[in-house]
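J.: no sequence for this one, just the structure:
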């Protein structure tokens, strides 16, 4: 009712699936010392999707209840049942699948190439079993983000979501404890995805979805000027409620009217890095220019 183009359901987590499978396994083996033959009544995978059932039920009801596409999301870090659950989501009415590959590779023996290949493998497994579009939600911390985006594009990703927002724990010096608090994103955090969207726009076939830092219409407009095909927000709606989507869209329309634009195509990617530009040199020029500007301001000499 507020005018959004699609809804991404909250993620189904790897840990939920694992916990559900473990519970089913314990139940199947309860009393097996006395009735060992009872184990033969159930196949090994019986009930393996128990942890997914509430999610899939919600997805099915949501898809039937709204007129916009509903997108299913899987949040995991390790190879596993991605493909099976993605297929189940499609069967329950998901218009697309988001692969939220959340991993902070702290293992010093895990190479960057292995991390990248894991993303490509997961995408391939899912693309093999579903026909709906598949988007990959990316980390901003690849050693070569543009190359990773290109490889995912070539591997069949229909969209890239920029970027995943990692949990960044704090330390409480009084309690001598790590505090893993979660905070909603702020507008200042939009600069990193803005940078990469301006660099990737027009260079890959996959659609670019911007996420993080959308507090109001201004951030929505910035992402579109950078070249985003889709702009996503959760924090703004959590702060203000679902009707706030109307505020975002009304602000966009008002700005378009002031600027003389009639469609989003008129200005999408207007401020993206032009095709044919030396991207590395372009960023160096901007970097040095920003430092020189700071040098003439309140930040002291450079």
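T.: Yep, it's here. Since this is a predicted model, take the numbers as computed values, not measurements.

J.: Quick check: end-to-end length of stretch 62-77?
T.: Length of stretch 62-77, first residue to last, Cα to Cα, to the nearest Å: 26 Å.

J.: Equivalent analysis for stretch 96-116, please.
T.: Rule used - Cα to Cα; the end-to-end distance of stretch 96-116 is 23 Å.

J.: Run through who's touching it.
T.: Defining contact as Cβ atoms under 8 Å, 6 or more residues apart in numbering, one finds that stretch 96-116 is touched by 6, 8, 11, 69, 71-78, 82, 86, 89-90, 118-119, 122-123, 126, 130, 132-139, 142-143, 148, 151, 158-159, 161, 164, 166. All C-beta spots, glycine's among them, are computed from the backbone N, C-alpha and C.

J.: Same check on stretch 163-173?
T.: Residues from elsewhere that reach stretch 163-173 (Cβ under 8 Å, 6+ apart): 100-102, 104, 137-140, 177-182, 185, 189, 192-193, 196, 211-212.

J.: Keep only those of the residues you listed that are in strands.
T.: Using DSSP state E, 100, 101, 137, 138, 177, 178, 179 are the members of the contacts of stretch 163-173 that sit in strands.

J.: If any of the contacts of stretch 96-116 are buried, put those into a ChimeraX selection.
T.: Command for ChimeraX that selects the buried part of the contacts of stretch 96-116, burial taken from 16 or more other Cβ atoms under 10 Å:
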select :8,11,69,71,72,73,74,75,76,82,86,89,90,118,119,122,123,126,130,132,133,134,135,136,137,138,139,148,151,158,159,161,164
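
J.: Mark which of the contacts of stretch 96-116 are part of helices, please.
T.: Among the contacts of stretch 96-116, DSSP state H puts 82, 86, 89, 90, 118, 119, 122, 123, 126, 148, 151 in helices.

J.: could you dump those to CSV with pLDDT and distance to residue 266?
T.: Converted to CSV, the ones in helices among the contacts of stretch 96-116 look like this (pLDDT from 0 to 100; distance: Cβ to Cβ, whole Å):
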residue, pLDDT, distance to residue 266
82, 81, 39
86, 94, 36
89, 97, 35
90, 98, 35
118, 92, 40
119, 94, 34
122, 93, 37
123, 95, 33
126, 94, 35
148, 97, 31
151, 98, 32
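
J.: Which single one of the residues you listed is nearest to residue 280?
T.: The nearest member of the ones in helices among the contacts of stretch 96-116 to residue 280, counting by Cβ to Cβ, is residue 148 at 16.2 Å.

J.: The closest one is in contact with residue 119, isn't it?
T.: Yes: with contact defined as Cβ atoms under 8 Å, residue 148 counts as touching residue 119 (7.3 Å).

J.: which stretches of the stretch 1-150 of the chain aren't confidently modelled?
T.: By pLDDT under 70, the weakly predicted segments of the stretch 1-150 of the chain are 18-50.

J.: all strands for it, in order.
T.: 7-8, 12-13, 70-76, 96-101, 134-138 (DSSP state E, counting those that start in this stretch).

J.: Next one: the most centrally placed residue in the chain from residue 232, what distance?
T.: When Cα atoms, centre = their mean is applied to the chain, the residue found nearest the centroid is residue 137 (3.3 Å). Residue 137 is 10 Å from residue 232, where distance means Cβ to Cβ, to the nearest Å.
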